[in-house]
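Visitor: my questions concern the predicted model and sequence given below.
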There are 4 protein chains.
Amino acid sequence: MTTSAHDFTPTRDDKFSFGLWTVGWQGVDVFGGAVRPPLDPAEAVHRLSDLGAWGITFHDDDVIPFGASTQERLDHLAPFRKALADTGLVVPMVTTNLFSHPVFRDGGFTNNDRDVRRFAISKVADNIDLAVELGATTFVAWGGREGAESGAAKDVRSALDRYKEAFDVLGAYVLEQGYDLKFALEPKPNEPRGDILLPTIGHALAFINELEHPELVGLNPEVGHEEMAGLNYAHGIAQALWHGKLFHLDLNGQHGPRFDQDLRFGAGNARGAFWTVDTVEQGGYDGPRHFDFKPPRTEDMDGVWASAAGCMRNYLILREKSRAFRVDPEVQAALKASRLDQLATPTLSPGEGLDALRAESFDPEEAAARGMAFEHLDQLALEHLYGIR
Amino acid sequence: MTTSAHDFTPTRDDKFSFGLWTVGWQGVDVFGGAVRPPLDPAEAVHRLSDLGAWGITFHDDDVIPFGASTQERLDHLAPFRKALADTGLVVPMVTTNLFSHPVFRDGGFTNNDRDVRRFAISKVADNIDLAVELGATTFVAWGGREGAESGAAKDVRSALDRYKEAFDVLGAYVLEQGYDLKFALEPKPNEPRGDILLPTIGHALAFINELEHPELVGLNPEVGHEEMAGLNYAHGIAQALWHGKLFHLDLNGQHGPRFDQDLRFGAGNARGAFWTVDTVEQGGYDGPRHFDFKPPRTEDMDGVWASAAGCMRNYLILREKSRAFRVDPEVQAALKASRLDQLATPTLSPGEGLDALRAESFDPEEAAARGMAFEHLDQLALEHLYGIR
Amino acid sequence: MTTSAHDFTPTRDDKFSFGLWTVGWQGVDVFGGAVRPPLDPAEAVHRLSDLGAWGITFHDDDVIPFGASTQERLDHLAPFRKALADTGLVVPMVTTNLFSHPVFRDGGFTNNDRDVRRFAISKVADNIDLAVELGATTFVAWGGREGAESGAAKDVRSALDRYKEAFDVLGAYVLEQGYDLKFALEPKPNEPRGDILLPTIGHALAFINELEHPELVGLNPEVGHEEMAGLNYAHGIAQALWHGKLFHLDLNGQHGPRFDQDLRFGAGNARGAFWTVDTVEQGGYDGPRHFDFKPPRTEDMDGVWASAAGCMRNYLILREKSRAFRVDPEVQAALKASRLDQLATPTLSPGEGLDALRAESFDPEEAAARGMAFEHLDQLALEHLYGIR
Amino acid sequence: MTTSAHDFTPTRDDKFSFGLWTVGWQGVDVFGGAVRPPLDPAEAVHRLSDLGAWGITFHDDDVIPFGASTQERLDHLAPFRKALADTGLVVPMVTTNLFSHPVFRDGGFTNNDRDVRRFAISKVADNIDLAVELGATTFVAWGGREGAESGAAKDVRSALDRYKEAFDVLGAYVLEQGYDLKFALEPKPNEPRGDILLPTIGHALAFINELEHPELVGLNPEVGHEEMAGLNYAHGIAQALWHGKLFHLDLNGQHGPRFDQDLRFGAGNARGAFWTVDTVEQGGYDGPRHFDFKPPRTEDMDGVWASAAGCMRNYLILREKSRAFRVDPEVQAALKASRLDQLATPTLSPGEGLDALRAESFDPEEAAARGMAFEHLDQLALEHLYGIR
């Protein structure tokens, strides 16, 4: 069976969402200025809707200038809201920018300056209100500037105390207000800081367990962020699912340990993308398929929309491949030949204890001779990716 | 003040321990065979004792041939025990080899083959008994072959279920026996498997929270393993300390993302080593300072002992530097100028709520103009490392 | 058009060759012993022939025990030669092992010990004679142990002098003997040494220019070795082709900066593999398509052969995709829209000088508004990889 | 001997130079805007002079707005020139910005757009005139945007043709004008492009050999750029020296494969910095010791100057350590024990041929038993770094 008969056109049911800052990125980087004009948020809503997206997300500062008054906030939001109403696009997630303004040069929640930390918590609280008002049920927290370039600059244990304090205060606020909103932490190992706190999925999962309301907090793992640490993203989100903590995700592309490339989903690690989609689709995740990418600086606005369309199209292509892979009888036989069924079976039988195991006779040499048949299984997967099965 | 007046000779009080497999490594790698003769365990004990070490650790298979009978075990252990008794060296930690024998080609606790998993648990249980008999209070678990090279070969969630099952069974056993023994998980991102489960400190910390007896299980983080993922080791162990989970540690050297170099401690990332010692010494960790390194294949046995001596000597040098750094009045002033004291202060005052924060007036532009003075602080640290302060 | 109608069965015309050490790898690594029995060289010839390979390559020590006498050499070679004759498999390339025996612990040509260097040159000279006798026209030189773990251990400029000396002596020998044989250097950044000399394609290309007979020496770049440095392999071999120095190549798979994974070709960086094949096929390279991989330690011999078959099959699949990509009219339009035709045109017209350029009027703002349309072009390429075009 | 008695105050004789863009960096990155005010070039000259620097370097656009007319250029240069005259600071090197303006979104010399390439060559020619007028003898060329994010976007061989064409044209111009000016190429593997052409020291060295006037072109290797590829910088510049091509260098700090950190020299890889200084000082390089770093975004202008001062101070500290290391009798004995003297001796004696080598008897087992004693040697080096010898 080939996948060529399908058209891979996204619909609202696919739950694709985009950060406003993705298609709106003007291309400013360390080595050069803007290459594209500012994108009007309302236009972004319309264009994404036309492409088949379901949702749009944003940082407060993407829509509302930093420091705007209440009236200015309303004025800036009006056309954005109208566009949402006109198109039916939803706002499933909102996030707060605690990293662009120079006041956050040393971070927000873990800034060494106490007054900046207080301001950061206030800014997030304001934005939580806005998020709820717009119907968002997930609040992403990327602590991009929470970290350090040098060893003495940040006492990590104090910083984690402050990080916990912020989420405890904000969690209590959400509960008090009766908001239907959960937090999703977004780990990243480095860039823009030399080393960022909670650098991987694992560190963030561990941190959540120390909070007063761990049930309110989960993860928003990003493909590229894990791959920047050389980690397997599909493995990472599988562990997050195992902990019941995959609240949201950021899909994009990356080529291993280097700067944060934010390529469109599908570009970058192509096999990794297949396993990502397979894990998302098989793993019971039913939240937004959210893209957090940056259309390369080489592109004009046509290229931006081509890139956004590519993200969704590639997801749909890979989703079909994943489905075909899972129902392929030869794959199913190969999974059995590789004893995946045994892995799904508890090691001890019901009621069995360690004594039984220790009493058991076992011939390690015989077992050592068995091959796992993983290469055949993986070749089948690759051929599904290639579209030749 | 310079550090040159000191002699940096280790004593038992420094609690330095070595894996028997470190000085005993014969140099077999993927590209070549043994370059050094087998090292008799009893000789290792004597030589390490002479160098000033306090403890020695081992995998079962380092001392006892795989599959040995009970009598063979006793025979193999006798000279080792005698050497311990003669020297006074202790065995603070023991670990089980679930990765060298071909039966573990797909891992131990998470092997797809159920019978191999059962054997692995048995093997560990046997070794736990031995560990306790030898007086060890820490049992390290490095799951070096728990992982995969390809996407379908390992269902990560099932594998984590099996991983948890093994520690639940073994934890219950330790409790039943009334053993004074804790487990320390050793994370590693890859090598020898393409991707290893529980790849970082964070992932292992998160995993522990799902166990039936999380209080029995902590971490044994290794410098090189975290640095292979580009992560900051000092930050990692600081987070482990924050969770109360730094049960043991593996000190060595590495040059970033590449193969596992296992250089002697101090070689590799020199500044990282300084912050590692500073974090260990300042952070209240009082367990063994354990070295898990491989004397390079270029060395003969003289080089092996030189390398082992270097590990301890470098730790002592860095410990003195850390102490000098922390009491240096200029450093203390610089820490204050960088507002580390503010970071140690809760963001909210006692009894204060979010309302107070939100009502507060704050001028972000004024705050944004403040520099953090981290470069001056870091230069002071570097000059302590250089020994010119 | 889909690729599913084809059967991707290799033939001799495809010029696929394998290192004897690839299918013969027994699985010894730093953390474990052999998992597979020794593979008889003659059997390897027959099995590879059956799978459709065209050639087989080897290190001297793969076929002949280290230090064998002349008679022993002949004895060991006899069945191998018979298998070649029986199957028609050729030996297009031979290489010398200067890295496994402990005498090469510090390398061969750049070993600090002069007598070891002399021995290394001799060993290679002997093997050159054998290579020519077997009809090989390429002699690969991988200096896997030429390097260092620490700064003072190797004076790099002296080492490069010695490296040059070796190739000058051996080049003169090849010329004197009138052998039809060229050398192909194989760069690698690290592993098993901390840092290896001539770490990338570029460093080796530069080195060749200093030799007495640069025309005799080119490159044998390996996919994984470049990707271990985070470099783009297709870019690397394109530069080697540009210099006229792509004499041979080693195809396999890798996941970025980490240990040398030696995955089967196609596994690892799937998009990179597409561009690799595209560059090889478009770039005029007509030498062997040589696989240098290691069947994972999880596999038994069935898995080994499945893995070898996968290497060839994946190459053929990607070759067909590359051809389809290049003739796709939409791709051709996209290449033009991205101005690849302009890149192929000299910047100055014939006879034109710098003065003309400087006199020319140019509006940078107008030019700055042009997008490059690379995202659309790349999406087309990705859809060819996916097999949906 | 300790190093503490010295004051490490830079003088003009130390030949320290800084890029104007280093201390002048305002902190704009992908995730945030300027944190520091613009720095007046004349003030930069005065401050650097006060700190003990000898030279200042710049991109055209650092001093003169992009697109300025001749009169505007003169106006902008006047105060800068006056500051140079007042302080005695020299301009040993100048470089051209072909990466910040959006017209260079796809690079300069290898941009797919021919008119942009023509403009780029013109811009450089104009800037060469300026460089010579200011007394510079080195012209650095960093092709930061010469590269690609995706496979079809750049035909690498065509791009190298265009790259060569640009240097051939500009080389001819320099010769025609009789300018005393040489080019220094600055390699970088990635960032801001996904993959940059001429990604390492090696690739650039190889490229130079294809130019019409290779004698005019050498390298300007940057510490961080090589370390981003996991390469050993000291090894890299040693090879550049071996080819006679180390024309200039960029000193800074980095932590392995990740984003370009541009830390102050000494921060980052501390042991690497020691070997860098040792190689520079021992290797006969007598050009500028040029710093290309970015004071972290956490710093205000006081922090900027502290960071700049730290670069020079760290160089001087390490220079003294290198000198002490080289004259230490124990080090000299250790170098001999590790047979560095033998490495410096040709492998063949004068007049000796391959026959003599092949006739020679050699016992590999005896030689294999010799250790290289590198660990002892490296420990001595480390103790010099620590300042305890």
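Guide: Arrived safely, thanks for sending.

Visitor: spatially nearest residue to the residue of chain A at minimum distance from chain C (excluding sequence neighbours)?
Guide: Relative to chain C, the nearest point of chain A is A:Gly387 (2.1 Å; CB to the nearest CB). In this view, the C-beta of every residue, glycine as well, is placed from N, C-alpha and C. Counting by CB to CB, 6 or more residues apart in numbering or on different chains, A:Gly387 lies nearest to C:Gly387, which is 2.1 Å off, once chain neighbours are set aside.

Visitor: and the gap between the one you found and C:Phe325?
Guide: Separation of C:Gly387 from C:Phe325 (CB to CB, to the nearest Å): 11 Å.

Visitor: kindly report the same for A:Leu51.
Guide: Between A:Leu51 and C:Phe325 the computed distance is 25 Å (CB to CB).

Visitor: what residues are up against A:Lys321?
Guide: By CB atoms under 8 Å, 6 or more residues apart in numbering or on different chains, the residues touching A:Lys321 are A:3, A:274, A:277, A:384-385, A:387, C:386.

Visitor: what's the farthest-apart pair in the residues you listed?
Guide: A:Val277 and A:Gly387 (14.4 Å; CB to CB).

Visitor: if we can go back for a sec, so which of C:Gly387 and C:Phe325 has more stuff around it?
Guide: Neighbours were counted for C:Gly387 and for C:Phe325 using other CB atoms under 10 Å in any protein chain shown; C:Gly387 has more, 26 against 21.

Visitor: A:His235 contacts B:Pro199, correct?
Guide: Yes - A:His235 is in contact with B:Pro199 according to CB atoms under 8 Å; the separation is 7.5 Å.

Visitor: more neighbours: these two, which one.
Guide: Neighbours per residue (other CB under 10 Å) separate A:His235 from B:Pro199, with B:Pro199 holding more: 31 against 27.

Visitor: tell me which residues touch that one, please.
Guide: Applying CB under 8 Å, 6+ apart, one finds that B:Pro199 lies in contact with A:200, A:202, A:231-232, A:235, B:187-190, B:229.

Visitor: would you agree A:Phe374 is in contact with A:Ser338?
Guide: Yes - using CB under 8 Å, A:Phe374 makes contact with A:Ser338 at a distance of 5.8 Å.

Visitor: residues shared between the contacts of these two?
Guide: Shared contacts of A:Phe374 and A:Ser338 (CB under 8 Å, 6+ apart): B:152-153.

Visitor: for chain A, what's the longest helix?
Guide: If you go by DSSP state H, chain A has its longest helix at helix A:301-327.

Visitor: chain center to that one: distance?
Guide: In terms of CA atoms, centre = their mean, to the nearest Å, the centre of helix A:301-327 is found 16 Å from the chain centre.

Visitor: flag every buried residue along the helix or strand just after that helix.
Guide: Moving toward the C-terminus from helix A:301-327, the next helix or strand (DSSP states H and E) is helix A:329-337. Neighbour counts over helix A:329-337 (16 or more other CB atoms under 10 Å in any protein chain shown) mark A:331, A:334-335 as buried.

Visitor: which neighbouring elements make contact with the one helix or strand A:Gly272 maps to?
Guide: Assigned by DSSP H and E, A:Gly272 belongs to helix A:270-282. Packing contacts for helix A:270-282, counted by 3 or more CB pairs under 8 Å, 6 or more residues apart in numbering or on different chains; DSSP states H and E, involve helix A:223-228, helix A:233-242, helix A:301-327, helix A:374-386, helix C:270-282.

Visitor: most tightly surrounded among those?
Guide: Comparing the helices and strands packed on helix A:270-282 by mean neighbour count (mean count of other CB atoms under 10 Å in any protein chain shown), helix A:223-228 comes out on top with a mean of 28.

Visitor: contact partners of it?
Guide: Residues from elsewhere that reach helix A:223-228 (CB under 8 Å, 6+ apart): A:186-191, A:200-201, A:232-233, A:236, A:250-258, A:260-263, A:265, A:268-269, A:272-273, A:276, B:230, D:258.

Visitor: what mean pLDDT does it have?
Guide: For helix A:223-228, mean pLDDT is 98.

Visitor: what of stretch A:40-49?
Guide: For stretch A:40-49, the mean per-residue pLDDT is 98.

Visitor: give me the secondary structure label for A:Val124.
Guide: Following DSSP: H, G, I helix; E, B strand; the rest coil, we place A:Val124 in the helix state.

Visitor: and for A:Phe58?
Guide: strand.

Visitor: ok, A:Leu185 next?
Guide: With three-state DSSP as the criterion, A:Leu185 reads strand.

Visitor: my guess is A:Phe99 contacts A:Ala141. True?
Guide: No - A:Phe99 lies out of contact with A:Ala141 (CB under 8 Å); the separation is 11.1 Å.

Visitor: check which helix or strand covers the residue nearest to A:Thr347 when sequence neighbours are not counted.
Guide: Nearest non-adjacent residue to A:Thr347, counting by CB to CB, 6+ apart: B:Arg117, 4.4 Å away. Using DSSP H and E, B:Arg117 sits within helix B:114-133.

Visitor: how far is that helix from where the chain is centred?
Guide: 22 Å.

Visitor: chain D contacts on chain A?
Guide: With CB under 8 Å from any CB of the partner chain as the criterion, chain A meets chain D at residues A:27-35, A:99-102, A:104-106, A:144-145, A:149-150, A:153, A:189-192, A:194, A:228, A:255-261, A:263, A:267, A:294, A:296-298.

Visitor: can you do 6 Å?
Guide: With CB under 6 Å from any CB of the partner chain as the criterion, chain A meets chain D at residues A:29-32, A:35, A:99-100, A:102, A:105-106, A:144, A:149, A:190-192, A:257-259, A:296-298.

Visitor: can I have the buried ones of those as a PyMOL selection?
Guide: To isolate the buried subset of the residues of chain A next to chain D in PyMOL, counting by 16+ other CB under 10 Å, use the following:
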select buried, chain A and resi 29+30+31+32+35+99+100+102+105+106+144+149+190+191+192+257+258+259+296+297+298
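
Visitor: ok, and of the residues of chain A next to chain D, which contact chain C?
Guide: Among the residues of chain A next to chain D, the ones lying near chain C by CB under 6 Å from any CB are A:257-258, A:298.

Visitor: got those residues as CSV, with secondary structure, distance to chain B and pLDDT columns?
Guide: Shown next, in CSV, are those (DSSP: H, G, I helix; E, B strand; the rest coil; distance: CB to the nearest CB, whole Å; pLDDT from 0 to 100):
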residue, secondary structure, distance to chain B, pLDDT
A:Pro257, coil, 5, 98
A:Arg258, coil, 10, 98
A:Thr298, coil, 27, 98
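
Visitor: with respect to chain D, which of those is nearest?
Guide: Nearest to chain D, judged by CB to the nearest CB, of these is A:Pro257 at 4.0 Å.

Visitor: do you know how far that closest one is from C:Met228?
Guide: From A:Pro257 across to C:Met228, the span is 11 Å (CB to CB).

Visitor: tell me, what's touching the two both at once?
Guide: Residues touching both A:Pro257 and C:Met228 (CB atoms under 6 Å, 6 or more residues apart in numbering or on different chains) are C:Pro257.

Visitor: out of the contacts of B:Pro199, grab the one that's most surrounded.
Guide: A:Thr200 (29 neighbours).

Visitor: okay, that one: pLDDT?
Guide: With respect to pLDDT, A:Thr200 has a value of 98.

Visitor: please apply the same query to A:Thr70.
Guide: Taking A:Thr70 on its own, its pLDDT is 82.

Visitor: any idea how many residues pack against it?
Guide: Neighbour count of A:Thr70, defined by other CB under 10 Å: 8.
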